[in-house]
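Visitor: Coordinates for the following, if possible.
(one chain, ligands or ions: 1)
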Amino acid sequence: CLSPALIPLYAVEEYNVVIIDIFRATSSICYGIDNGAVAIIPVSEVEECAAYREKGLDYLLAAERNGEVVSGFDFGNSPFSYTKEKVAGKTVVLTTTNGTHALHLSRSAKKIVIGSFFNLTALSNWLGQQNQNILLVCAGWKNNFNLEDTVFAGAVIERLKCNDFILDDSAIAANDLYQIAKNDLSGYLAKTSHSERLKKLGIEKDIAFCLNIDITTAIPVLQGEKLVKLK
Ligand code: MLT
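Guide: Reported below is the predicted structural model:
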């Protein structure tokens, strides 16, 4: 069974869960782990992130709310902050408006991995080999539906539908949306509310960058409290 969910209304413990927040949390996580970050620790609250300052170790602290870097933190959620130069060999503690929230709601899943256009093929190939039910958790925006996460879920489904998965209606709908969008992802996703939000903040380049397909191969997986590279 293969399903995309807005928020985990499903019994997540029965699934391998993929967390999806294309603009920008899961793109940045995939990029950071592929660029050699030792781990990314996702936390729900800004205060939890700030608390790592006191832990005495060399953490980079990243916090985003409503698309902006929270003041006092090293950086936010732009993929350009997760380059080799910035994160290789480091542990990043990250809180974002929706992405890290969706991850925490899914904590009781069998396994949690992170997906974005960056690792689409690597992720889909791995999912196809697992013989597990898959729940594609679309972070959306403040518990509402969004297009970009659903279109990405449709792209994963496109690559997996030749396997023996049973697609539920939300999987069929996501895959249909992907058929509409696939030949012009950036044109189609330009109409999304989060594109508008990020444009107002002057960070269109992040939107364009997050739509690069297969520029990474790492699959971030949650181990304990940390996202690390799946071995
Ligand atoms: C989120 O987690 O809500 C986001 O990725 C928002 C953003 O930083 O663009």
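
Visitor: Pull out the buried residues from the helix or strand containing residue 121.
Guide: Secondary structure from DSSP states H and E places residue 121 in helix 120-128. By neighbour count on 16 or more other Cβ atoms under 10 Å, the buried set for helix 120-128 is 120, 122-124, 126-127. Bear in mind the C-beta positions are built from the backbone N, C-alpha and C, glycine included.

Visitor: repeat for stretch 168-185
Guide: Result for stretch 168-185 [16+ other Cβ under 10 Å]: buried residues 170-171, 173-175, 177-178, 181, 185.

Visitor: Just the closest of the residues you listed to residue 157, please.
Guide: residue 175 (4.4 Å; Cβ to Cβ).

Visitor: Please report the distance of the residue most central in space within the chain from residue 139.
Guide: The centroid of the chain falls nearest to residue 26 when counting by Cα atoms, centre = their mean (2.3 Å). Residue 26 sits at a distance of 8 Å from residue 139 (criterion: Cβ to Cβ, to the nearest Å).

Visitor: can you tell me which strand in the chain is longest?
Guide: strand 59-65 (DSSP state E).

Visitor: Common neighbours of residue 26 and residue 139, please.
Guide: Common contacts of residue 26 and residue 139 (Cβ atoms under 8 Å, 6 or more residues apart in numbering): 19-20, 99.

Visitor: Please enumerate the helices of the protein.
Guide: For the chain, helices defined by DSSP state H occupy the ranges 25-34, 46-51, 84-87, 99-105, 120-128, 147-160, 169-181, 185-189, 193-200, 204-210.

Visitor: which residues of this protein score low on pLDDT?
Guide: Within the chain, the ranges that satisfy pLDDT under 70 run 3-9, 56.

Visitor: now with 50?
Guide: Applying pLDDT under 50 to the chain picks out residues 8.

Visitor: List, one by one, the residues from it near the ligand.
Guide: Residues of the chain found near the ligand (Cβ under 6 Å from any ligand atom) are 21, 23-25, 64, 67, 77, 96-99.

Visitor: Which of the residues you listed are buried? Put it as a PyMOL command.
Guide: This is the PyMOL syntax for the buried subset of those, where burial follows 16+ other Cβ under 10 Å:
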select buried, resi 21+23+24+25+64+67+77+96+97+98+99
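
Visitor: before we move on, back to that, show me what the helix holding residue 121 is packed against.
Guide: When contacts are defined as 3 or more Cβ pairs under 8 Å, 6 or more residues apart in numbering; DSSP states H and E, helix 120-128 sits against strand 16-20, strand 111-115, helix 147-160.

Visitor: which stretch among the ones you listed comes nearest residue 92?
Guide: Judged by Cβ to Cβ, the one of these that comes nearest to residue 92 is strand 111-115, at 13.1 Å.

Visitor: How far off centre is the closest one?
Guide: Relative to the centre of its chain, strand 111-115 is centred 8 Å away, using Cα atoms, centre = their mean, to the nearest Å.

Visitor: and that strand with helix 147-160, angle?
Guide: Strand 111-115 runs at 110 degrees relative to helix 147-160, counting by axes from the mean of the first three to the mean of the last three Cα atoms, to 10 degrees.

Visitor: What is strand 111-115 packed up against?
Guide: In terms of contacts (3+ Cβ pairs under 8 Å, 6+ apart), strand 111-115 is packed against strand 16-20, helix 25-34, helix 120-128, strand 220-223.
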